[in-house]
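[1] Predicted model and sequence below, questions to follow.
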Amino acid sequence: AAAELPPAARAIADNAAAIVAAIRARAPGLRITLDPVEFRGLHYHVGVAFTLYGPGNTGELARGGRYMSGEEPATGMTLYPDVVGRAVAPPAEPPRVFIPRGADAAAAAALRAQGFITLAALSDSDTPQSLRCSHILRGTVAAPIEENA
């Protein structure tokens, strides 16, 4: 703001300051880095261009900006789903319930309806440990497996 700039540069700097102020008003905790010389050869941009990064990530999540589409002003953004996918924590896997041979099929179905993953023993060699189960069906209840049991 204190720099002496030619009129065209002053207009760009004032516009950038207004945009940053508007973003801060809506998202005060957002970290904003302004790079006035970053264009990446995208000469079709006619206004603000941006790149989105996530905290702790090394890749760009998205990039976009203002541009002209023929005679029509437009705003667009390219989202990079592979980077976004790596940035998001994987969902917690539901508990895996071991269903012993001969167990009540309706009880196992009820557990699946509640969101449990059920793994049924098909032979005597199948165990809760071999199927990486955290629970075992006891009657109609998914009981946690004791680690030392």
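    That came through, no problem.

[2] what residue ranges in the protein are flagged as low confidence?
    38-42, 57-58, 147-149 (pLDDT under 70).

[3] most centrally placed residue in it?
    By CA atoms, centre = their mean, the mean C-alpha position of the chain lies nearest to residue 88, the distance being 3.4 Å.

[4] residue ranges for the strands of the chain, please.
    With strands called from DSSP state E, the chain shows them at 45-53, 60-69, 72-79, 96-99, 117-120, 135-138, 141-144.

[5] Provide the strand pairings for the second one, with the direction of each partner.
    Think strand 60-69. Applying DSSP bridges, strand 60-69 is found paired with strand 45-53 (antiparallel), strand 72-79 (antiparallel).

[6] Next, format those strands as CSV and append distance to residue 123 and mean neighbour count.
    For every residue, glycine as well, the C-beta is placed using N, CA and C. Shown next, in CSV, are these (distance: least, CB to CB, whole Å; neighbours: other CB atoms under 10 Å):
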stretch, distance to residue 123, mean neighbour count
strand 45-53, 51, 15
strand 72-79, 47, 10
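
[7] and of the ones you listed, who's closest to residue 104?
    Of all these, strand 72-79 sits nearest to residue 104, with 46.7 Å by CB to CB.

[8] sorry, back to before: now the strands of the chain in JSON lines, please, with extra columns for distance to residue 129.
    Shown next, in JSON lines, are these (distance: least, CB to CB, whole Å):
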{"stretch": "strand 45-53", "distance to residue 129": "42"}
{"stretch": "strand 60-69", "distance to residue 129": "39"}
{"stretch": "strand 72-79", "distance to residue 129": "41"}
{"stretch": "strand 96-99", "distance to residue 129": "9"}
{"stretch": "strand 117-120", "distance to residue 129": "11"}
{"stretch": "strand 135-138", "distance to residue 129": "11"}
{"stretch": "strand 141-144", "distance to residue 129": "14"}
